[in-house]
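A.B. asks: predicted coordinates and the sequence they were generated for:
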Protein chains: 2
Amino acid sequence: MSNSRMTVREIAKLAGVSVATVSRVSNGTGQVSDEMRCRVLEAIEKHGYRPGHLGRALAAGRHGALGLVFPGLSGPYFTELIQGFESEAVPSRASVHILCTHLRSDSDDQVLEMGRRVDGVAVIGGTISDDALLRLAEMVPVVVVAGEGPGDIASVRAENPGSMAALTRHLLADHDLRDLVFVGNPEGSPDVSERWAGFRQAHHDLGIAPPNEPVAIGLQQADGVLAAERLLGGDNPRPGGVVCANDEAALGVLVGALGRGLRVPQDLVITGFDDVPAAAIVTPALTTVRQPVRELAAEAARLILRAVDQPGSTPEGSLVLPTELALRSSCGCPANPLTGGTRK
Amino acid sequence: MSNSRMTVREIAKLAGVSVATVSRVSNGTGQVSDEMRCRVLEAIEKHGYRPGHLGRALAAGRHGALGLVFPGLSGPYFTELIQGFESEAVPSRASVHILCTHLRSDSDDQVLEMGRRVDGVAVIGGTISDDALLRLAEMVPVVVVAGEGPGDIASVRAENPGSMAALTRHLLADHDLRDLVFVGNPEGSPDVSERWAGFRQAHHDLGIAPPNEPVAIGLQQADGVLAAERLLGGDNPRPGGVVCANDEAALGVLVGALGRGLRVPQDLVITGFDDVPAAAIVTPALTTVRQPVRELAAEAARLILRAVDQPGSTPEGSLVLPTELALRSSCGCPANPLTGGTRK
DNA sequence: ATGGTCGCTGAAACCGGTTTCTGTTAACCG
DNA sequence: CGGTTAACAGAAACCGGTTTCAGCGACCAT
């Protein structure tokens, strides 16, 4: 009931002690006699006093908060990312500020504004300009997630080109497929760009001509459905396989293909990337590449927190977490009762 | 290059003016002569000074931040929610703090901690205890989104039971279906609870016995796939229709059904709720209920911001936004070249 | 010439905490 | 009993801004 807008000084007056003593009691620091502690605790209890965050942060010289900047797309990938980051920040008593840059032209300014409200920032690759990134890194520790920053800004990402090349080689060599198409827009994000490169590399390695153009669409399930329409509608020659930049788009293509009466993988092979929860259990199970999304974000948070704890230091290095092939039925591999055969 | 950790007093000394003048210049308030303004701007420019957020917030008595508490599930629904909220907060120069309570038992404490760092909070229905909600509402304006709070805490939600009843009546009466099953856990969230109630109400209205138990699973696509397995696997009698608590689960059921060789809607009718982007374009297009998710969150943000602007006031009332049936092919309605026939 | 108003500036108070530093008191020791 | 030290309390400074208030010179009207 009591307005919880009490201040240290009010409590001090009510308890008949100095503000220093109130502060010591509420933080458990320093030496306080039992009698004083009692008096203060009583007043605190009675009026429901909790120290305000702003004063504390100002005195401590840190905000107790971390920032996360992402483009603002839907789907499991970003929710996983947010949660991985958040779950690592919370135990360190840091709150998480988010900023969706999606479709806003003034996002560079907003990122810099965020830089004055937090102790460190994780930026998803490809969401803001390199210039803004460098300016941001001048004020707080910065880590780029799923991408690479300019200069010596630290980054954390998954191994993309290698595993995508391995997956593509698997389709070309082990399943003897040809006329693969790539669904995804390499311009859209560093991740997709690396995956497109891996896709082409595998063709090159095997002396097979890769397609010149990807089917440049977004990363959402709806985009995959559109891709299926473009690829399977009309009377275009049907591709031998559809290699998607991520699982969500792949699930869209899958729904589109099944809805058209095609059998997967007999009539059409489809693969994804990410290994979202749904991938393992759809019918047919989706062949994909497992990527430690949550761990990626958590690692970014750890890097930032470490830099925050050692003032003056900057996160360093570029960490690449391993990925893993998950070969399931949608590429023609035999169904596996477990999560699907895997291969590095 | 210059360390952007300049303070007002440093700039004041460098420019040979008082801190008051620096503050006036950097905020554009009060009267400052051209000469002074010039001197100050020069020093500001030269050292890349920007006023820090903490001092400003402390002086202003507000944090310039809003909180958003959600359970931490994946999928388009929550991303939409986050973005709707964020896009309304940013123009008011308020940053957004997030807190995922998912699977953490100490979330009540963390919500209260958040209450000391922001000017107002939006809480997704069913994520924290009523007790914590009431305590939170004592310190900052609070709005419950997609649910109903205890006491007179304001809430914003979509019309659930009415439209779910209308959808169910449509299946029972217009398509003459029987043996419908409901997929979703009414205990899991207020939304699902209301939808389950609407589902049963429609049966009651038409004098048809509703099923006693829902298929109590989660709200993710993977859960829908599991539900399909449970409903369509083995040799259980096949249900006449599957009414899902949301679109993501419905898409899971759809994938599961198609993967088993069933035709939708001929062999099985499936409906969803939410009208996520993918719903309109899968094949067959998903019959569902359109819900203004983004708008819901935006309205919550507006309510909070209004209360923040009028100190001492509390958000009031319980706003219910209208929903709209989207009848498409998955229930047996004729395919519509547009987004699907709609009916209030 | 005098009193009043306007325009501008800076010293100081304030926001709500933490922390240092000084001082008092009591206990302990030789 | 005198001297050293440990335990504890409080005044004041500090964190980085904004804002009030008083003062000062210039200008205007009486």
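C.D. replies: Structure's in. What do you need?
A.B. asks: chain B versus A:Ala122, what's the distance?
C.D. replies: A:Ala122 sits at a distance of 13 Å from chain B (criterion: C-beta to the nearest C-beta, to the nearest Å). All C-beta atoms are positioned from the backbone trio N, CA, C, and that covers glycine.
A.B. asks: does that residue belong to a helix, a strand or coil?
C.D. replies: Each residue gets one of three states, and A:Ala122 gets strand by DSSP: H, G, I helix; E, B strand; the rest coil.
A.B. asks: do the same with the one 4 residues further on
C.D. replies: Recorded secondary structure, A:Gly126: coil (three-state DSSP).
A.B. asks: now it: phi and psi?
C.D. replies: Backbone dihedrals for A:Gly126, given as degrees, to the nearest 10, come out at phi 80, psi 10.
A.B. asks: close to chain B: what parts of the stretch 201-344 of chain A are there?
C.D. replies: Residues of the stretch 201-344 of chain A lying close to chain B by C-beta under 8 Å from any C-beta of the partner chain are A:220-222, A:225-226, A:229, A:251-252, A:254-256, A:258-260, A:276-278, A:281-284.
A.B. asks: let's see it at 7 Å
C.D. replies: Neighbours of chain B within the stretch 201-344 of chain A, by C-beta under 7 Å from any C-beta of the partner chain: A:220-222, A:225-226, A:252, A:255-256, A:258-260, A:277-278, A:281-284.
A.B. asks: is it correct that A:Leu226 is in contact with A:Ile217?
C.D. replies: Yes. Using C-beta atoms under 7 Å, A:Leu226 is in contact with A:Ile217, at 6.1 Å.
A.B. asks: residues of stretch A:131-138 that come out buried?
C.D. replies: Under the neighbour-count criterion of 16 or more other C-beta atoms under 10 Å in any protein chain shown, stretch A:131-138 has A:Ala132, A:Leu133, A:Arg135, A:Leu136, A:Ala137 buried.
A.B. asks: wait, which of those residues is closest to DNA strand C?
C.D. replies: Comparing those against DNA strand C with C-beta to the nearest atom of the strand places A:Leu136 closest, at 25.7 Å.
A.B. asks: with adjacent residues omitted, what lies nearest to that closest one?
C.D. replies: A:Gly115 (4.9 Å; C-beta to C-beta, 6 or more residues apart in numbering or on different chains).
A.B. asks: same deal with A:Asp179?
C.D. replies: Counting by C-beta to C-beta, 6+ apart, A:Asp179 lies nearest to A:Gly240, which is 4.1 Å off, once chain neighbours are set aside.
A.B. asks: same thing with A:Glu80?
C.D. replies: A:Val293 (4.4 Å).
A.B. asks: what number of residues lie near A:Asn236?
C.D. replies: 9 (other C-beta atoms under 10 Å in any protein chain shown).
A.B. asks: per-residue confidence for it?
C.D. replies: Per-residue confidence at A:Asn236 stands at 82 (pLDDT).
A.B. asks: give me the element A:Gly234 is part of.
C.D. replies: Element membership for A:Gly234 (DSSP states H and E) is empty, with no helix or strand holding it.
A.B. asks: need the contact list for it.
C.D. replies: For A:Gly234, the contact set (C-beta atoms under 7 Å, 6 or more residues apart in numbering or on different chains) is empty.
A.B. asks: against DNA strand D, how distant is it?
C.D. replies: 61 Å (C-beta to the nearest atom of the strand, to the nearest Å).
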